[in-house]
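Colleague: next one to model:
(one chain, ligands or ions: 1)
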Amino acid sequence: MELTALKGVGPKRAEQLERLGVREVRDLWTLFPRDYEVFDDFTAIAAIRESGVYTLRARVVDEPRTSYVRRNFSVTRFKIDDGTGRISCVYYNQPYVAQAFHEGEFHAFRGRVAREFGGQMQNPAHRLYVEGEVQRPLPVYPRVQGLHQKVVRDAAAQALKFLDVRDMLPPEVREKGGLMELADAILEVHCPASRERLAAAEQRLMVEEMLSFQLTVQRRRVERERTPGQVLSAPPELKEALAALPYELTGAQKRVLGEILDDLSRPHPMARLVQGDVGSGKTVLAFLSLLTAAKNGVQGALMAPTEILARQHFAEAQKFFRPFGVRVGLILGSQKEREKRDGRERTELGAWDVVIGTHALIQGSVRFRNLGLVVTDEQHRFGAQQRQVLVDKGAAPHVLVMSATPIPRSLSLILYGDLDVSAVDELPPGRKPIETKRVREARRRDLYDFIYRRAKTGGQAYVVCPLVEDSEDLDVRSAESVYQELKRAMKGVSIAYLHGRMKSGEKEAVIERFRKNEVQVLVSTTVVEVGVNVPNATVMVIENAERFGLAQLHQLRGRVGRGGEASYCFLLEQEGSARLDVLARTQDGFEIAREDLRMRGPGEMMGGRQSGMMSFKTAGFGLGLSDVERARDLAVELLRTRPELAYAIPEHSLFSFDGLGSWAVH
Ligand SMILES: Nc1ncnc2c1ncn2[C@@H]1O[C@H](COP(=O)(O)OP(=O)(O)OP(=O)(O)O)[C@@H](O)[C@H]1O
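Modeller: Numbers count the residues shown, from 1 in each chain. Presented below is the predicted three-dimensional model:
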């Protein structure tokens, strides 16, 4: 049903709602409130001593009056009294609120009271108060510019009248687990009767979403295990390649390589996720796998998330594969048309055995002669769909996913249920620990001196900032302004500036100069995060470190400590943030991830934007790991007893994970 079928929703509002992911009426059922205005816990006006947010129950004692201070600035004001005291209520730039209040009416108000203006309540949320009636919490939906809460609330309320969902849980399972009916749960989250009912509804919806996800994931696994694949056996060249490496593989690398080779030798496609800590040496595992594919006569593809990284892999791959007569090619979006055409031809004819590239590889025009192994080097799971496109270019190829973001095993079992997971949880020997320090703003000068002295003696440093340009957010230092400041502060040191909006070729040129040590200090936004490998760089400075997630900080820090020299990481803080101590304490990415999970709960890690991972709509409910695990267990159990459910998902499910794609069956 189309959104415009709802009262009060025209084409413009439909478009605004679409920005919240709402395309049709049923999508409103799962547009969950991000908060609730709760009108209980009333405070007596006379008891307000300090500024803060309060809920009041009071009578309006005069008619609201609106005055225009400037053309675009109005103030609407009236007084309220609750029998213990009297204060003013003011609304800025909302002249229409005047119609909502009349002298003598009782209302509930919730908002900030500021002592400094003689105690007035500013822009409070409000509701007519009727004695004896339970005050239900009002939902607050995610915001979109220009779209009033009231419009979203009305639209959601109307949409709920058409609510029609089938409960996937059989009644006996639901009862055993003490879970609410699905339809009730949806009504309840949009309009909760009480906190207890809300909590139960959230629990039920999360179970439902996890269930849909797990059923999709498990179905994929079952399909894959039925799909015939190409048997690739370890070639003799593998031994030679290992012997030619300037180092010996770590125990963890050997174990994971064994797991990969074992998968490749089976008659079903591999689907393995290799999680490795920063610098744990995943690239060589990818190369060894690609060598195995090439020597079995099938092509391999390696897809990297950025051009910088694709080029870096390509340069290393050329050296690695040359002795074995394996031909390596590169396909990038920024290449000249002729070069690209040439690359596509070679790929299609099989003149290249290993093709490295970015998402340019997944374009329709890129065809392989016989793609047998797909390796994707991705930050997070966001690449699932793109990965699938590449997989579909082969006949059930083997798939290896490399991730540099360790996530705790408990969570990876849940999120990557369709992949087998290997962990490269050991660093090559001889790596020196990176000395990590939190630094307050007052010590900035000392820090600059430190970098300056290092740069003068051949050292190199990264300075990473959260934003490109100055913004309204005065507490955040932009890369642009830090760059200007460093240039002034460090005469005679070559400083360069790198940001995401630069063209690919420009970025590459800057990185290349940094690689060659023509540039000593590289100021950048987080574009350096993924996989840049410049072993001579030994200092990492992170501005506004409190703005980054722990996993991201760990990634950034991993850009140093890649050579034999002692390395340093300085976390500059505008606001002190104790969680940064974890980084100072340990360098083990898996431990940091566990700590992150403990501190933030799984919600944020599963919530999309923060993590870049796929996003769960119920992630915002902030439920604990045990809730997530319980939901997963329920799904596994259900699938065991009612396997047909896996195929019932797409039509009936409230949540859909179709984007995950499915394994091609040939
Ligand atoms: N077993 C080993 N012993 C010594 N050095 C190694 C070993 N394995 C890999 N290396 C080296 O360690 C460095 C980091 O390896 P690589 O770039 O593969 O890390 P990574 O796991 O991809 O990390 P990141 O995700 O941070 O990019 C490379 O210079 C590589 O040559």
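Colleague: for the ligand, what's the nearest residue on the protein?
Modeller: Going by CB to the nearest ligand atom, the ligand is nearest to G281 of the chain, at 2.8 Å. Yep, even glycine has a C-beta here, placed from its N, CA and C like the rest.
Colleague: pretty sure that residue contacts P428?
Modeller: Yes: contact criterion CB atoms under 8 Å: G281 and P428 qualify, at 5.8 Å.
Colleague: please name the bridge partners of R110.
Modeller: T55, A125 (DSSP bridges).
Colleague: and it, how many neighbours?
Modeller: 20 (other CB atoms under 10 Å).
Colleague: surely it meets V53?
Modeller: Yes: counting by CB under 8 Å, V53 is a contact partner of R110 at 7.1 Å.
Colleague: around the ligand, which positions in the stretch 551-666 of the chain sit nearby?
Modeller: Within reach of the ligand by CB under 6 Å from any ligand atom, the stretch 551-666 of the chain has these residues: 558, 562.
Colleague: do a quick rundown of the helices in the stretch 551-666 of the chain.
Modeller: Ranges of helices in the stretch 551-666 of the chain, per DSSP state H, counting those that start in this stretch, are 581-585, 589-605, 625-641, 649-652.
Colleague: do me a favour and average the pLDDT over the last one.
Modeller: Think helix 649-652. The average pLDDT within helix 649-652 is 54.
Colleague: same question for stretch 344-359.
Modeller: On average, stretch 344-359 scores 94.
Colleague: excluding its backbone neighbours, what's nearest T586?
Modeller: Nearest residue to T586, sequence neighbours excluded (CB to CB, 6 or more residues apart in numbering): I592, at 6.4 Å.
Colleague: go on, A479?
Modeller: In space, A479 is closest to C465, 4.0 Å off (CB to CB, 6+ apart).
Colleague: didn't that neighbour look like it was pressed against V523?
Modeller: Yes: at 7.1 Å, C465 counts as touching V523 under the criterion of CB under 8 Å.
Colleague: joint contacts of the two?
Modeller: 479, 482 (CB atoms under 8 Å, 6 or more residues apart in numbering).
Colleague: so where's the longest helix in the protein?
Modeller: In the chain, with assignment by DSSP state H, the single longest helix is helix 195-226.
Colleague: and it, how far from the chain's centre?
Modeller: 20 Å (CA atoms, centre = their mean, to the nearest Å).
Colleague: quick one: buried residues of it?
Modeller: 197-198, 200-221, 224 (16 or more other CB atoms under 10 Å).
Colleague: now do it and helix 625-641, the angle between them.
Modeller: Angle between the axes of helix 195-226 and helix 625-641 is 50 degrees (criterion: axes from the mean of the first three to the mean of the last three CA atoms, to 10 degrees).
Colleague: the residue of the chain closest to the ligand: which element?
Modeller: Using DSSP states H and E, G281 sits within no helix or strand.
Colleague: residues near it, how many?
Modeller: 19.
Colleague: what residues are up against it?
Modeller: 249-250, 253, 424, 428.
Colleague: can you list the residues of the stretch 101-250 of the chain near the ligand?
Modeller: Residues of the stretch 101-250 of the chain lying near the ligand (CB under 6 Å from any ligand atom): 247, 249-250.
Colleague: just the stretch 251-400 of the chain next, same as before
Modeller: Residues of the stretch 251-400 of the chain lying near the ligand (CB under 6 Å from any ligand atom): 253, 276, 278-284.
Colleague: the one helix or strand V401 maps to pairs with which strands?
Modeller: Using DSSP H and E, V401 falls within strand 398-403. Strand pairing for strand 398-403, determined by DSSP bridges: strand 271-276 (parallel), strand 371-378 (parallel).
Colleague: packing partners for the next helix-or-strand element following it?
Modeller: Next helix or strand after strand 398-403 toward the C-terminus (DSSP H and E): helix 409-415. If you count contacts as 3 or more CB pairs under 8 Å, 6 or more residues apart in numbering; DSSP states H and E, helix 409-415 packs onto strand 420-424, helix 589-605, helix 625-641.
Colleague: what packs against the helix or strand following the shortest one?
Modeller: Following the chain from strand 420-424 toward its C-terminal end, the next helix or strand by DSSP H and E is strand 434-440. Applying 3+ CB pairs under 8 Å, 6+ apart, one finds that strand 434-440 contacts strand 567-573, helix 581-585.
Colleague: from the chain's centroid, how far away is strand 434-440?
Modeller: 25 Å.
Colleague: quick one: contacts of it?
Modeller: Contacts of strand 434-440 (CB under 8 Å, 6+ apart): 447, 540, 545, 557, 560-561, 566-573, 576, 580-581, 583-584, 587.
Colleague: any of the residues you listed buried? List them.
Modeller: 447, 540, 545, 557, 560-561, 567-573, 580, 583, 587.
Colleague: would you mind listing the buried residues in the helix or strand encompassing I186?
Modeller: When elements are assigned from DSSP H and E, I186 belongs to helix 182-190. By neighbour count on 16+ other CB under 10 Å, the buried set for helix 182-190 is 182-183, 185-190.
Colleague: who's in contact with Q218?
Modeller: Q218 neighbours (CB under 8 Å, 6+ apart): 417-418, 635-636, 639, 646.
Colleague: 6 Å instead?
Modeller: By CB atoms under 6 Å, 6 or more residues apart in numbering, the contact list for Q218 reads L639.
Colleague: likewise M121?
Modeller: So M121 contacts 89, 111, 113 (CB under 6 Å, 6+ apart).
Colleague: most neighbours among these, which one?
Modeller: C89 leads the contacts of M121 on contacts (other CB under 10 Å) with 25 neighbours.
Colleague: phi, psi for that residue please.
Modeller: In terms of degrees, to the nearest 10, the main-chain angles of C89 are phi -110, psi 130.
Colleague: same check on R112?
Modeller: Per degrees, to the nearest 10, the backbone of R112 is at phi -90, psi 130.
Colleague: gap between the residue nearest to L349 when sequence neighbours are not counted and E316?
Modeller: Spatial nearest neighbour of L349, chain neighbours left out: R369 (6.4 Å); criterion: CB to CB, 6+ apart. According to CB to CB, to the nearest Å, R369 stands 24 Å off from E316.
Colleague: what of A479?
Modeller: 28 Å.
Colleague: okay, now G430: neighbour count?
Modeller: Look at G430: counted by other CB under 10 Å, it has 7 neighbours.
Colleague: how about it, what does it touch?
Modeller: With CB under 6 Å, 6+ apart, G430 has no contacts at all.
Colleague: switch the cut-off to 7 Å
Modeller: G564 (CB atoms under 7 Å, 6 or more residues apart in numbering).
Colleague: and the pLDDT for it?
Modeller: Model confidence at G430, given as pLDDT, is 79.
Colleague: with the one 10 residues further on instead?
Modeller: Confidence per residue is given as pLDDT, and for R440 that number is 88.
Colleague: likewise H268?
Modeller: 92.
Colleague: pLDDT weak spots in the stretch 501-650 of the chain?
Modeller: 527-531, 601-615, 622, 646-650 (pLDDT under 70).
Colleague: which residues in the stretch 451-600 of the chain form strands?
Modeller: Here the stretch 451-600 of the chain has its strands, by DSSP state E, counting those that start in this stretch, at 460-464, 495-498, 521-524, 537-542, 567-573.
Colleague: so can I have CSV of the ones you listed showing distance to R49?
Modeller: Below are these laid out as CSV (distance: least, CB to CB, whole Å):
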stretch, distance to R49
strand 460-464, 44
strand 495-498, 50
strand 521-524, 47
strand 537-542, 41
strand 567-573, 32
